[in-house]
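K.L.:
build me a model from this:
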Amino acid sequence: SQMVTDRPRECHSAKVERRVVAAYADMWQGPETPSPRAMLMARKKGWVSALAWDDDTIDDARVKPTGLVLSEAVTFANTLENLLEMAGASRSWSEACNRLGKSPATLERQLSRHGYLDEVRAAFRREVAA
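P.N.:
Numbers count the residues shown, from 1 in each chain. Purely as a prediction, here's the structure:
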């Protein structure tokens, strides 16, 4: 099978990579209500949620997670709520993205996946790129 890697000492098969990509697509948001026990363990191990990674740079091994971390128990609902609050407070789309530690493209993809892109665009008065 074909080996996929950016670093020669860390090889894995294309089959394993496809499985990881599929698992991430299914679970990137995490559970609706994270378990307090799991949250505590994640904090102790220094793990972050998928939302702490930027979709545009997640495959770059040199990039570290930024923005919202698991210890803050951030879910998509929290992200949406934060965005709508910032829009209501007349913050710019750019400022909202910066405050959440995400690129505009990443947030737009997340909103689109959940069917909220149009609502957020309207809230920010079409400042979100079309």
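K.L.:
so who does residue 91 touch?
P.N.:
Applying CB atoms under 8 Å, 6 or more residues apart in numbering, we find residue 91 in contact with residue 99. C-beta: built from backbone N, CA, C; applies to glycine.
K.L.:
ignore what I typed, I meant residue 99.
P.N.:
Taking CB under 8 Å, 6+ apart, one finds 82, 86, 91 in contact with residue 99.
K.L.:
same check, this time on residue 86
P.N.:
When contacts are counted by CB under 8 Å, 6+ apart, residue 86 touches 95-96, 99.
K.L.:
can you add secondary structure, pLDDT and distance to residue 124 and give the residues you listed back as a markdown table?
P.N.:
Below are the contacts of residue 86 laid out as a markdown table (DSSP: H, G, I helix; E, B strand; the rest coil; pLDDT from 0 to 100; distance: CB to CB, whole Å):
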| residue | secondary structure | pLDDT | distance to residue 124 |
| --- | --- | --- | --- |
| 95 | helix | 90 | 10 |
| 96 | helix | 90 | 7 |
| 99 | helix | 86 | 13 |
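K.L.:
so which of the contacts of residue 99 sit within strands?
P.N.:
Residues of these located in strands (DSSP state E): none.
K.L.:
which one of the residues you listed is nearest residue 61?
P.N.:
residue 82 (28.9 Å; CB to CB).
K.L.:
surely that closest one is in contact with residue 102?
P.N.:
No - using CB atoms under 8 Å, residue 82 makes no contact with residue 102, being 10.8 Å away.
K.L.:
of those two, which one has the most company?
P.N.:
Each of residue 82 and residue 102 has its neighbours counted (other CB atoms under 10 Å); residue 102 has more, 24 against 15.
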